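# Give the three-dimensional model of this entry:
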Amino acid sequence: MAGERITIPRLEGLVHLVRDGEGILRVQVQRPRRLEARLLGRDPRDAIFLVQTIGADSGVSHALAAVLALENALGLSVPPNGFTARDLLHALSLLHAHLRHFYLQVLPDYLPLSALADYAGNNLQLARVATSLAGEGASRWASSPVRNRFTGAQSSDLVEHLHASLGMLNTLQRMLAQLGGKFPVAMTVTPGGMSIRLSEAQIMPLERRMQVISGFLSEEVLSDIGLLLQRFPELGSLGHGLGEYLSGGSLGAESGGETAMFPAGAVLNNRLVPFAGGITESLATSRYRVKTGGDGSGPVLSENDEAPPSASWIKAPRLAGRIVDVGPLARTVIAHMTAATSRQAELVAEIESRLGTSVQSANTVAGRLFARVGEMALLAVRCIENLQRLQPGQAYAEPVSDDMPDAQEAAAAIEAPGGTAWHRMGLRRGRIAYYDIVSPGTWHGAPATPGSTAGSLEVALNSAGLNPERDADRVALSRIVHSFAFSATDAVQ
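Residues are numbered from 1 along each chain as shown. Predicted coordinates for the structure are as follows:
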């Protein structure tokens, strides 16, 4: 079926899998919106808001990467309350993205719609929906390629938990709007800190809401991922990705804290090495080329009309000349190797116990899913700690001059839901001369280049030995893609 495209559902952006003439599955995405080019010549503060259009899940993370890069360029400091409020906003956004991903993107790959039609629980809303669906006839659900391996009681529990997750997502969205000014675009992130101020009367309700969400995560979500892995043991060997990892550092790393939840670092050749930026991008198999402005404004990417049809809209980032894997599992591996916290040690022990392998070797669908769900519980604790750390009445931001430097360059990395986001900017005469973004989707979906492997997503898809002409294998391919939380809009901006 060379040339036939498989569309992967329930993702940000349009994602196709195409098998080339050699039988290799390739990731194909839509044309980019050329965000980097549209930032040229603008005030660097505009980037904080414009980069949030990259994706609903990763918008807050990209905003924080943009403001950190600008602060590095300007040499700005942020008061403790500003760091804590940003940390809280960031953790809430990651938690929201993970929860939505598990129940609305991943679970439908394992729990067919017929489970909703067969619901036999006590929730009146779900019972009415089940009655309505059952009235449409069983034949409507018979053609689903997803086969239900759960018992009737387990299916009903999963449907109830999915329904409950919508309420939890609504609560998280309200909290994000209170901190960010609105949702999903955060308006309160500003150079020098945050423009929001929370009183003690505002903080206490937020703590109560987080306690409820934390209980849901520990009682329902963790049991659901455990049940899923029990019923689908093949996930422990499905979709092996790369064995090298990167974490840009977040949730404490930005302020130089020694107890960062996500320490910065990379694992190359099974060795932990420091990460201090230095990311490069290969255009060898992409649809881009580099032009250099005559005014010394730096590199600007443009579309390459001479690129072959097989070329990708996704660039190929490199760290020390290598493609690495990013995301919750990468963060867990690096936190484990740096002995970050006892809580993460418990997550590592749980992953290794359930999958029967070291966490470094757990780069499979099961490992990626469990790492993401386990990270949710850690993020909930982080949110509660941040709320308790806020000092009402203290400054959230430092005064910042409107003057921008005549010439400056800076970069910053931060962890988005799908993995490391890296922003690099150059300023000339107070305006953006160039802006480079390397997103988690860029790492995951990177095409192979001469003398180098492809990104982890294509490696995982092709390691599985699946036949896209079989319905069951198409479902397995969807499960692999969703295990990365891949986003096409994040991959091409």
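
# Output the lowest mean pLDDT helix or strand found in the protein.
helix 139-142 (a mean of 55; mean pLDDT, DSSP states H and E).

# what's the next secondary structure element after that one?
helix 152-180 (DSSP states H and E).

# neighbouring strands for the next helix or strand after that next one, and are they parallel or not?
Downstream of helix 152-180, the first helix or strand assigned by DSSP H and E is strand 189-190. Here strand 189-190 is paired, per DSSP bridges, with strand 193-194 (antiparallel).

# which outside residues touch the strand it pairs with?
Contacts to strand 193-194, defined as C-beta atoms under 8 Å, 6 or more residues apart in numbering, come from residues 78-79, 81-83, 85-86, 89, 188, 395-398. For every residue, glycine as well, the C-beta is placed using N, CA and C.

# How many residues are close by the residue nearest to Q360 when sequence neighbours are not counted?
Nearest non-adjacent residue to Q360, counting by C-beta to C-beta, 6 or more residues apart in numbering: V333, 5.6 Å away. Per other C-beta atoms under 10 Å, the neighbour tally for V333 reads 29.

# what's near enough to touch V333?
Taking C-beta under 8 Å, 6+ apart as the contact definition, V333 lies against 245, 267, 359-360.

# V273 now?
Per C-beta under 8 Å, 6+ apart, neighbours of V273: 265-267, 320.

# same thing with E71?
Here E71 is in contact with 77-78, 191-192, 412 (C-beta under 8 Å, 6+ apart).

# before we move on, what about L94?
61, 375, 379, 415-417.

# Correct me if wrong, but it is in a helix.
Yes: secondary structure of L94 (DSSP: H, G, I helix; E, B strand; the rest coil): part of a helix.

# What pLDDT is listed against it?
On the pLDDT scale, L94 is placed at 98.

# how close does it get to V267?
Per C-beta to C-beta, to the nearest Å, L94 is found 21 Å from V267.

# Same question for S247.
Distance, S247 to V267, using C-beta to C-beta: 9 Å.

# which residues do the two both contact?
Joint contacts of S247 and V267 (C-beta under 8 Å, 6+ apart) are 330, 334.

# Pick out whichever of the two has more residues nearby.
Each of S247 and V267 has its neighbours counted (other C-beta under 10 Å); S247 has more, 29 against 20.

# so is the residue lying closest to the more buried one once chain neighbours are set aside in a helix, a strand, or just coil?
Spatial nearest neighbour of S247, excluding adjacent residues (C-beta to C-beta, 6+ apart): I334 at 4.4 Å. Using three-state DSSP, the structure places I334 in helix.

# what's around I334, how many residues?
I334 sits with 24 neighbouring residues when counted by other C-beta under 10 Å.

# pLDDT at it, what is it?
pLDDT for I334: 93.

# now do G298
You'll see G298 listed with a pLDDT of 55.

# Adjust the sequence numbering to begin at 877 for everything that follows.
New numbering, starting at 877: the last item is G1174.

# so is Q1284 in a helix, a strand, or just coil?
What three-state DSSP gives for Q1284 is strand.

# Tell me the secondary structure at G1102.
helix.

# Measure how buried it is and give me the count.
Number of residues near G1102 (other C-beta under 10 Å) recorded here: 14.

# Give me the spatial nearest neighbour of it, chain neighbours excluded.
Closest to G1102 by C-beta to C-beta, 6+ apart is R1230, at 7.4 Å.

# helices and strands around the host helix or strand of that neighbour, which ones?
Using DSSP H and E, R1230 sits in helix 1218-1231. For helix 1218-1231, the contact count by 3 or more C-beta pairs under 8 Å, 6 or more residues apart in numbering; DSSP states H and E identifies helix 1204-1213, helix 1241-1265 as packing neighbours.

# Kindly state which of the ones you listed is positioned closest to I1313.
Across those, I1313 has its closest neighbour in helix 1204-1213 (18.7 Å, C-beta to C-beta).

# That closest one relative to helix 1218-1231, how many degrees between them?
Counting by axes from the mean of the first three to the mean of the last three C-alpha atoms, to 10 degrees, helix 1204-1213 lies at 120 degrees to helix 1218-1231.

# Measure how far helix 1204-1213 is from the centre of its chain, please.
Put simply, helix 1204-1213 sits 14 Å off its chain's centre (C-alpha atoms, centre = their mean, to the nearest Å).

# and if you look at stretch 1191-1211?
Stretch 1191-1211 sits 13 Å away from the centroid of its parent chain (C-alpha atoms, centre = their mean).

# Next: stretch 1082-1092.
Put simply, stretch 1082-1092 sits 22 Å off its chain's centre (C-alpha atoms, centre = their mean).

# what's that stretch in contact with?
By C-beta under 8 Å, 6+ apart, stretch 1082-1092 touches 971, 1040-1041, 1044, 1047-1048, 1051, 1054, 1074, 1253, 1256-1257, 1259-1260, 1263-1264.

# if we go to 7 Å?
1040, 1044, 1047-1048, 1051, 1256, 1259-1260, 1263 (C-beta atoms under 7 Å, 6 or more residues apart in numbering).

# And L975, how far from W1189?
Taking C-beta to C-beta, one finds L975 at 29 Å from W1189.

# The two: who's more crowded?
L975 (24 against 21).

# that's a helix at the more buried one, yeah?
Yes: assessed with three-state DSSP, L975 lies in a helix.

# Would you mind checking the average pLDDT for stretch 1306-1316?
92.

# Check whether R902 really touches V894, as I assumed.
Yes: contact criterion C-beta atoms under 7 Å: R902 and V894 qualify, at 5.1 Å.

# quick one: the nearest residue to R907 once chain neighbours are set aside from D963, how far?
Excluding its sequence neighbours, the residue lying closest to R907 (C-beta to C-beta, 6+ apart) is W1189, at 6.0 Å. Separation of W1189 from D963 (C-beta to C-beta): 34 Å.
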